[in-house]
Structures are given as C-alpha cells and as structure tokens.
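J.: return a 3D structure for these sequence lines:
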Amino acid sequence: MRIRTAAAIAVLLLAPLTACSSSDSDSGDTKADPSACKAAMAKQMKDAIENGATADKRPTECVGVDDKTVQRYVGEITKEELGAAVDDELDKLETAQP
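T.: Below you'll find the model as predicted:
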C-alpha cells in the first residue's frame with residue numbers, strides 16, 4: 001500500500017514542481033543552492049507521504065534552480081522513496097520454506 005501511495009505522491013509532486021519557471025530574474029540577489037533544493041524536495045515528499053498532503057509549489061530553496069535539475073531531483077527522490085517502500089514491504093514478507 002505504501003508503494004502505491006509513494007508513486008501517487010511522486011506524480012502529484014512532479015507536475016507543480018516542474019511547471020514553475022525559475023529564470024534568473026526570479027532569484028533576485030539570492031544564489032541558488034541545488035543541494036538545499038533537493039533536501040527541501042525530499043522533505044516535502046516525505047511529509048506528503050506521511051500526511052497524505054500534496055505539494056502545490058516549488059520549495060523556496062529551489063528558487064533559481066533550473067527546471068531540468070528540479071526534474072532530475074524529482075526522479076531521484078521518487079526512486080529513493082519507492083526503493084525504500086519496496087524494501088520495507090519485502091522485509092515484511094514471510095519466506096516459504098519447504
């Protein structure tokens with residue numbers, strides 16, 4: 001069940017995060033920090049999975065980070081979360097012994 005939830009959340013996160021424009025003029029004097037952006041996106045996704053919430057906007061830490069990078073982060077974070085969910089479910093399974 002958690003796998004399905006993680007996949008649904010990932011799809012819901014993808015559209016609003018990548019639809020936002022992040023041109024250099026949006027960032028003002030703030031310098032983009034890609035690692036802070038990815039960490040904020042990962043936190044946002046974990047919160048969404050745990051609380052059933054959806055992300056409707058790009059985290060402020062991602063201002064100035066280009067859309068291609070944000071899209072890559074969404075894929076990486078989704079893969080990590082789905083992998084963890086699959087591992088959790090596999091650990092719960094009982095193995096058949098003859």
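J.: helix, strand or coil for the residue nearest to K31 when sequence neighbours are not counted?
T.: Once flanking residues are discounted, K31 sits nearest to G64: 6.9 Å by Cβ to Cβ, 6 or more residues apart in numbering. Yep, even glycine has a C-beta here, placed from its N, CA and C like the rest. Reduced to three states with DSSP: H, G, I helix; E, B strand; the rest coil, the structure at G64 is coil.
J.: for G64, phi and psi?
T.: phi 90, psi -10 (degrees, to the nearest 10).
J.: residues near it, how many?
T.: 18 (other Cβ atoms under 10 Å).
J.: hey, which helix or strand in this protein has the poorest pLDDT?
T.: Lowest on mean pLDDT, DSSP states H and E among the helices and strands of the chain sits helix 24-27, with a mean of 45.
J.: picking up where we left off before, I figured the residue nearest to K31 was touching A36, is that so?
T.: No: look at G64 against A36 with Cβ atoms under 8 Å: they stay out of range, at 10.6 Å.
J.: find residues that contact each of the two.
T.: Between them, G64 and A36 share no contacting residue under Cβ atoms under 8 Å, 6 or more residues apart in numbering.
J.: follow-up on the earlier one: measure the residue nearest to K31 to K43 for me?
T.: 18 Å (Cβ to Cβ, to the nearest Å).
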